[in-house]
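>>> got a predicted structure here, sequence first:
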Amino acid sequence: MTQKIIDTATIRLDAAQALLAEARRACAARGFAATIAITDAGGHLRAFERADTAPFLTVGVATDKAWTAASFGMTTHQWNQYMADPTVAGLAHHPRMTPVGGGVPIIHEGRLVGGIGISGGTSVQDHEAAEEALRNAGFLSGAHSCP
């Protein structure tokens, strides 16, 4: 008999909250106030925080970075590089696509379980803070450092 469902993995709430705390520390260590969004594997918001002094624009940007990272399991800075290819450039018009550094997929034991998006610093600072948070929270980022 053919199986009719697919088992999926997703980040637990307590793990998302611990990752959020690690991201807050990583951003503070880099000297910027940030908005941090963590999604589950389906791109749905799981944990969220906006620092008191983070601009309100960072709310949508961080959420969409996490969604973008979870959507294909690749970092948003990788998407930025892919947008130069005319065969995928049209995706830039998708309303949630955010090909700016700071979104990283959350990988656990080789499975995509969510995405993290950080907005508030430069794209490089956002990306580095996300990767540091993932390492410190015990997740593998599955990503390469920003150039």
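Cool, the structure landed.
>>> can you tell me what sits against the worst-scoring helix or strand of the chain on mean pLDDT?
Of all helical and strand segments in the chain, the minimum by mean pLDDT, DSSP states H and E falls on helix 76-82, at a mean of 90. Contact with helix 76-82 is made by 65, 68-69, 72, 88, 97-104, 117, 123, 127, 143-144, 146, as judged by C-beta atoms under 8 Å, 6 or more residues apart in numbering. In short, each C-beta sits where N, CA and C put it, glycine included.
>>> so which bits of that helix are buried?
Within helix 76-82, the residues scored as buried using 16 or more other C-beta atoms under 10 Å are 76-80.
>>> out of those, which is nearest to residue 131?
residue 77 (10.5 Å; C-beta to C-beta).
>>> how much space between residue 55 and residue 119?
Look at residue 55 and residue 119: by C-beta to C-beta, to the nearest Å, they are 9 Å apart.
>>> again, but for residue 54
From residue 54 across to residue 119, the span is 8 Å (C-beta to C-beta).
>>> got any residues that touch both of the two?
Contacts common to residue 54 and residue 119, judged by C-beta under 8 Å, 6+ apart, are 34-35.
>>> when the two are compared, which one has more neighbours?
Comparing residue 54 with residue 119 by other C-beta atoms under 10 Å, the one with more neighbours is residue 119, at 30 against 19.
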